[in-house]
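>>> pasting the sequence and the predicted coordinates here, then a few questions.
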Amino acid sequence: MSKILITGGAGFIGLHLAEKLYKSGHEIHLLDNFARAAKDPDLEVFLKLDNVKMIEADLLDVSFNNRLDHNYDVIYHFAAIIGVPHVLGRPYEVLTKNVDLLANIIEFAKKQKNLQRLVFASTSEIYAGTLKYFDLPIPTPENTPLALTDVSEPRTSYMLSKIYGEAMCQHSKLPFTIIRPHNVYGPRMGMSHVVPILLERAYKLEGDVPLKVYSPTHKRTFCYIEDAVDLLERVVLSPDCEGTSLNLGSTDDEITMETLAHGIITATGKGKGLTFMPETEGSVLRRCPDMTKAIKLTGYQSKVSLEDGLLRTFNWYKKNIFEGHGVTAD
């Protein structure tokens with residue numbers, strides 16, 4: 001049994017990962033300040049298990065050190081200021097505080113007696129500048145040179161905080177792995193992402209009304225959360241993943257937003273046909289990870305089909321949010 005700390009542990013990926021690692025026999029400590037995460041039934045059920053501990057604290061306050069153990073084998077760092085409203089409205093805080101969050105967890109990690117790995121959650125947004133200004137290969141490998149978008153643009157703040165964070169890990173002298181998530185979706189992911197937005201829009205349709213879909217020709221790959229946390233566990237088990245960066249996403253082919261919307265109609269049983277809407281401002285035409293490196297180093301393959309993943313996600317949202325009037329992440 002390993003002792004594992006997950007920052008941002010009450011969030012979407014954090015809690016799903018915690019459940020996965022717990023089933024593998026590990027002791028799990030979650031740290032979260034609940035700025036965005038929800039104290040919902042899923043979390044409450046998990047916290048009742050043996051060898052699970054919740055620490056409600058803010059990583060920006062270094063006194064969090066006094067409330068944690070100092071013998072963690074693995075630390076996953078997901079805590080961050082994230083989300084379009086925050087990025088557009090508070091770009092300076094997004095940039096500086098995300099860096100401070102990581103700096104504090106790196107210093108904490110250095111105090112561990114036998115740390116085997118620090119896993120840092122970066123972002124697929126780091127490829128945005130290369131996509132905008134240069135000939136970005138798609139699917140995109142991890143060794144793609146990175147370029148910045150205009151630093152005066154608020155959206156650059158989040159991407160820049162993660163690029164800076166990757167450099168911090170590289171020079172920390174810690175055993176680290178950097179992951180770059182691409183369109184992970186599933187139950188309990190909040191309401192500000194394209195999948196739950198489309199699910200809710202479709203669920204509210206009455207009769208044979210078409211579903212509105214924005215940026216219908218834009219392409220993405222969508223990785224179901226069960227597959228994502230499988231890879232997150234694998235990177236720690238593989239010694240070859242130490243000191244490297246890995247894309248995290250689906251091994252399936254990219255699809256258009258139009259195809260996604262048709263999948264939403266199938267999952268919900270609502271709506272008839274689509275109404276194409278304009279492109280979403282700031283949305284890139286294509287984003288697709290090259291998963292060759294992750295497959296080679298870990299043996300990972302995504303297993304949950306888009307059809308199955310959308311249905312599972314809809315069933316959770318219908319029960320807990322659309323009809324259950326529950327809470328989910330900000």
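Okay, I see it. Numbers count the residues shown, from 1 in each chain.

>>> okay, CA-based contacts and neighbour counts for the rest of this
Will do.

>>> now do the strands in the protein.
3-7, 27-32, 52-56, 74-77, 117-121, 176-181, 184-185, 211-213, 219-220, 223-224, 244-248, 255-256, 274-276, 286-287 (DSSP state E).

>>> list of residues touching the first one?
What it means is strand 3-7. 14, 18, 26-32, 71-79 (Cα atoms under 8 Å, 6 or more residues apart in numbering).

>>> count of neighbours near the closest residue to W316 other than its chain neighbours?
Counting by Cα to Cα, 6 or more residues apart in numbering, W316 lies nearest to P187, which is 5.8 Å off, once chain neighbours are set aside. P187 has 22 neighbours, counted by other Cα atoms under 10 Å.

>>> equivalent analysis for the one 4 residues further on, please.
The local packing count at M191 equals 18, with neighbours defined by other Cα under 10 Å.

>>> distance-wise, check it relative to G83.
Distance of M191 to G83, computed by Cα to Cα, to the nearest Å: 11 Å.

>>> next: N65.
N65 is 27 Å from G83, by Cα to Cα.

>>> list the buried residues for the worst-scoring helix or strand of the chain on mean pLDDT?
Least confident element among the helices and strands of the chain, by mean pLDDT, DSSP states H and E: helix 84-89 (a mean of 86). By neighbour count, with 16 or more other Cα atoms under 10 Å as the criterion, the buried positions of helix 84-89 are V87, L88.

>>> repeat for stretch 70-90
Across stretch 70-90, burial judged by 16+ other Cα under 10 Å covers 70-81, 87-88.

>>> what does stretch 265-284 give?
Per 16+ other Cα under 10 Å, stretch 265-284 contains these buried residues: I265, T266, A267, T268, K270, G271, K272, L274, V284.

>>> likewise for stretch 93-112?
For stretch 93-112, a neighbour-count test (16+ other Cα under 10 Å) marks 93-95, 97-106, 108-109, 112 as buried.

>>> same check, this time on stretch 246-260
Buried, per 16+ other Cα under 10 Å, within stretch 246-260: 246-252, 254-258, 260.

>>> next: stretch 9-24.
Residues of stretch 9-24 classed as buried by neighbour count (16+ other Cα under 10 Å): 9-22.

>>> before we move on, what about stretch 315-330?
Per 16+ other Cα under 10 Å, stretch 315-330 contains these buried residues: N315, W316, Y317, K318, N320, I321, F322, V327, T328, A329.

>>> again with stretch 157-173
Residues of stretch 157-173 classed as buried: S157, Y158, M159, L160, S161, K162, I163, Y164, G165, E166, C169, Q170 (neighbour count, 16+ other Cα under 10 Å).

>>> save the residues you listed as CSV, and put in distance to P216 too.
Formatted as CSV, those follow (distance: Cα to Cα, whole Å):
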residue, distance to P216
S157, 27
Y158, 25
M159, 25
L160, 28
S161, 30
K162, 28
I163, 29
Y164, 33
G165, 33
E166, 32
C169, 37
Q170, 38
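
>>> pLDDT and distance to D40 added to these, as CSV?
CSV is the format used below for these (pLDDT from 0 to 100; distance: Cα to Cα, whole Å):
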residue, pLDDT, distance to D40
S157, 96, 30
Y158, 96, 27
M159, 96, 29
L160, 97, 32
S161, 98, 29
K162, 98, 28
I163, 98, 32
Y164, 98, 33
G165, 99, 30
E166, 99, 32
C169, 99, 32
Q170, 98, 36
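
>>> helices - which of those residues land there?
Using DSSP state H, the members of the buried residues of stretch 157-173 that fall within helices are S157, Y158, M159, L160, S161, K162, I163, Y164, G165, E166, C169, Q170.

>>> and the furthest pair within the residues you listed?
The distance between the two most remote of these (Cα to Cα) is 20.1 Å, for S157 and Q170.

>>> just the buried residues of stretch 265-284: which are in helices?
Of the buried residues of stretch 265-284, the ones assigned to helices by DSSP H are I265, T266, A267, T268.

>>> from the residues you listed, which single one is nearest T177?
Closest to T177, out of all of those and judged by Cα to Cα, is A267, at 35.3 Å.

>>> the residue lying closest to the closest one once chain neighbours are set aside: how many residues sit nearby?
Of all residues beyond its chain neighbours, the one nearest A267 is L311 (4.9 Å), with distances taken as Cα to Cα, 6+ apart. By other Cα under 10 Å, 19 other residues sit near L311.

>>> for this protein, give me the ranges with low pLDDT.
By pLDDT under 70, the weakly predicted segments of the chain are 330.

>>> just the helices in it please.
Using DSSP H, helices in the chain cover 12-23, 41-47, 84-89, 91-109, 128-133, 156-170, 194-203, 225-237, 257-268, 292-298, 306-317.

>>> good, wrapping up.
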